[in-house]
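Undergrad: Pasting the sequence and the predicted model now:
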Amino acid sequence: MTVLHERPAGLPASDARGRVAELMGMREQAATGPGEKATEAQHAKGKLTARERIELLLDPESFHEIEQLRRHRATGFGLETKKPYTDGVVTGWGTVEGRTVFVYAHDFRIFGGALGEAHATKIHKIMDMALAAGAPLVSLNDGAGARIQEGVSALAGYGGIFQRNTKASGVIPQISVMLGPCAGGAAYSPALTDFVFMVRDTSQMFITGPDVVRAVTGEEITQNGLGGADVHAETSGVCHFAYDDEETCLAEVRSLLSLLPSNNREMPPAVTGPAAVGGSGDALLDLVPVEGNRPYDMTKVIEEIVDDGDYLEVHERWARNIVCALARLDGHTVGIVANQPQSLAGVLDIEASEKAARFVQFCDAFSIPIVTLLDVPGFLPGVDQEHGGIIRHGAKLLYAYCNATVPRISLILRKAYGGAYIVMDSQSIGADLTYAWPTNEIAVMGAEGAANVIFRRQIAAAEDPEAMRARMVKEYKAELMHPYYAAERGLVDDVIDPAETREVLVSSLAMLRTKHADLPSRKHGNPPQ
Ligand SMILES: CC(=O)SCCNC(=O)CCNC(=O)[C@H](O)C(C)(C)COP(=O)(O)OP(=O)(O)OC[C@H]1O[C@@H](n2cnc3c(N)ncnc32)[C@H](O)[C@@H]1OP(=O)(O)O
């Protein structure tokens, strides 16, 4: 552990060059940190150091560090003799693709990256600077939570971070990258931010570690089993993106940032230059089967529609029955929300509603237009869902869409039934433009279910109930289950040839780019929780 700085021998303090050399020595000491052994131990765990990570995140030579010479002033437990520069967190700003980004990175080699008072106030300062400058904040987390030796001062330091996370929410993008074991307070701040990235095997998030879990509940579990990347990417939904190594993870953070505006007053950066290429519209005809119950992969449809087939899927492995993705259409960032027929037939359930609601809310906060692709058989029925609160969770998605003032376009690819149709950005809840393909079925429910309810008596009284049921199903389909019923009533704006999909979306978004809508003045709404 680094000890108190000593003036390099042989340099007269009165000499300006000597003073500069002294400064360089201190800087060198701060930049090197606790030394080779500690760095080797960090590398041996498959982890990079804070500075190596910052170098990968930011454009070359763009990092400006602040408070490099900061030290804690705590006493007791031997802290008097352990006063390393930086106090275990590297803070500053740099650029990503030329745009300013603020960053803080825990140095696990110093107190296990644990947060004390000085460490916390450095983070507070960088958060305040990010908010004032209107630039994204990225945290590179590798810390053991509150610094135990500093007691309540450390806890108060976390409070200051949480408060700033919340204040900055919806104002600047906040991204948390988990790169080590993050316990307690170190796990809460990321939960308040927009996106959480994790690295398999080397990063974990939990409120209390396996030892406490064993003591309290008797459950035996490893750190990764409790809060590893796969657990949070697939089961809890705490993490939005999980990767195998830090290099890939940080490259993906850069690519996410390239899609986002710097703050809520700016538009997302548009890519100009040679016209972006979409897929061949005709392929869409083959990708989506006409039969309502045949599964297909919605991500293939997205690939056909967006620029260069490129999209960044958020929460790829959690609530797979809905797809949330960021992509570009004609160079402009869009958020795509789409039912995924190959997972649970694309129904809406508790997790899908929560996932899409948060995504819609994010897009709305940062001026990202939302394109919704519908192919939804309804909400998932069942005791688990009802008792789990599908009503209030489903309402989150409804609330998020109804509250969104960004351009909103929905396109019904195949079926759209019941409440799920309304929730998935139907015209009645404020979509600016709604399109349908000719193969659509838009109705309160599927034909079989509908016939069993409304023609129950006729079917029961018939000589041949099955023949009667089949006749009624056919009649219901012919009468109601086509897009023209909705088009005649103005509930879809147009029925389009699937081959024209990209073109229609691009021109509709271009028209909506100047859209302005205000919600009534209020302190804030009271969304369902
Ligand atoms: C509000 C809140 O944040 S409450 C949560 C408080 N934090 C905790 O309970 C976590 C306690 N720490 C741990 O469980 C473990 O240290 C882990 C899981 C984070 C990391 O484990 P390992 O990778 O094995 O690292 P290890 O335990 O050796 O810690 C590395 C160093 O950090 C120190 N350290 C770890 N946690 C803390 C802490 N919270 N405060 C101060 N120092 C700490 C260790 O003493 C060790 O120091 P040393 O290098 O001088 O010996």
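TA: Here it is on my side, so go on.

Undergrad: Going by C-alpha atoms from here, please, whenever you check contacts or count neighbours.
TA: Fine.

Undergrad: so what pLDDT did residue 3 get?
TA: Note for residue 3: predicted pLDDT of 47.

Undergrad: Let me fix that, I meant to ask about residue 343.
TA: You'll see residue 343 listed with a pLDDT of 97.

Undergrad: Could you tell me which residues of the chain lie near the ligand?
TA: Contact residues, the chain versus the ligand (Cα under 6 Å from any ligand atom): 111-112, 114, 144-148, 155, 181, 183-186.

Undergrad: The same query, at a cut-off of 5 Å, please.
TA: By the rule Cα under 5 Å from any ligand atom, the part of the chain lying against the ligand is 111-112, 114, 144-148, 184-185.

Undergrad: Take the residues you listed and keep only those in helices.
TA: residue 185 (DSSP state H).

Undergrad: Quick check on the residues of the chain next to the ligand: which are buried?
TA: Buried by 16 or more other Cα atoms under 10 Å: 111-112, 114, 144-148, 184-185, out of the residues of the chain next to the ligand.

Undergrad: Of those, which is the nearest to residue 403?
TA: residue 185 (31.0 Å; Cα to Cα).

Undergrad: and the closest one, what does it touch?
TA: Residues in contact with residue 185 (Cα atoms under 8 Å, 6 or more residues apart in numbering) are 145-146, 155, 158, 207.

Undergrad: now do 10 Å
TA: 114-115, 143-146, 154-155, 157-159, 161-162, 205-208 (Cα atoms under 10 Å, 6 or more residues apart in numbering).

Undergrad: Drop anything exposed from those.
TA: Of the contacts of residue 185, these count as buried by 16+ other Cα under 10 Å: 114-115, 143-146, 154-155, 157-158, 161-162, 205-207.

Undergrad: just those residues: which has the poorest pLDDT?
TA: The member of the buried ones among the contacts of residue 185 with the lowest pLDDT is residue 144, at 86.

Undergrad: Downstream of the helix or strand hosting residue 21, the next helix or strand is which one?
TA: If you go by DSSP states H and E, residue 21 is part of helix 16-32. Following helix 16-32 in sequence order, the next helix or strand is helix 36-44 (DSSP H and E).

Undergrad: picking up where we left off before, adding distance to residue 225, write the residues of the chain next to the ligand out as CSV.
TA: Formatted as CSV, those follow (distance: Cα to Cα, whole Å):
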residue, distance to residue 225
111, 25
112, 21
114, 22
144, 18
145, 19
146, 23
147, 25
148, 25
184, 17
185, 20
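
Undergrad: tell me, what residue is most central in this protein?
TA: Centroid-nearest residue in the chain, with Cα atoms, centre = their mean: residue 195, separated by 3.8 Å.

Undergrad: Could you measure from that one over to residue 291?
TA: Here residue 195 is placed at a distance of 37 Å from residue 291 (Cα to Cα, to the nearest Å).

Undergrad: cool, residue 27 as well?
TA: Distance of residue 27 to residue 291, computed by Cα to Cα: 68 Å.

Undergrad: Equivalent analysis for residue 324, please.
TA: Counting by Cα to Cα, the gap from residue 324 to residue 291 is 24 Å.

Undergrad: same question, residue 240
TA: If you measure residue 240 against residue 291 using Cα to Cα, the figure is 33 Å.

Undergrad: Who has more neighbours out of these two?
TA: residue 240 (21 against 10; other Cα atoms under 10 Å).

Undergrad: That one: what's it in contact with?
TA: So residue 240 contacts 194-198, 229, 232-234, 313-318, 355 (Cα under 10 Å, 6+ apart).

Undergrad: Could you find the closest non-adjacent residue to it?
TA: Once flanking residues are discounted, residue 240 sits nearest to residue 315: 4.4 Å by Cα to Cα, 6 or more residues apart in numbering.

Undergrad: do the same with residue 348
TA: Take residue 348 and drop its neighbours on the chain: the residue closest to it by Cα to Cα, 6+ apart is residue 379, 4.6 Å away.

Undergrad: Same question for residue 219.
TA: Per Cα to Cα, 6+ apart, closest to residue 219 is residue 213, 6.2 Å.

Undergrad: in the helix or strand that contains that neighbour, what counts as buried?
TA: Per DSSP H and E, residue 213 falls inside helix 210-217. Going by neighbour count (16+ other Cα under 10 Å), the buried part of helix 210-217 is residue 210.

Undergrad: For the helix or strand that that helix is followed by, which outside residues touch it?
TA: Later in the chain than helix 210-217, the nearest helix or strand by DSSP H and E is helix 223-227. Residues lying outside helix 223-227 but in contact with it, judged by Cα under 10 Å, 6+ apart, are 181-183, 200-211, 213, 220-221, 230-233, 236, 238.

Undergrad: now the following helix or strand past helix 223-227: mean pLDDT?
TA: Counting by DSSP H and E, the next helix or strand C-terminal to helix 223-227 is helix 229-230. For helix 229-230, mean pLDDT rounds to 98.

Undergrad: likewise stretch 392-407?
TA: Average pLDDT, stretch 392-407: 98.

Undergrad: what do you get for stretch 483-502?
TA: In this model, stretch 483-502 carries a mean pLDDT of 93.

Undergrad: That stretch: end-to-end distance?
TA: 19 Å.

Undergrad: Now do the phi/psi pair for residue 402.
TA: With angles defined as degrees, to the nearest 10, residue 402 sits at phi -60, psi -30.
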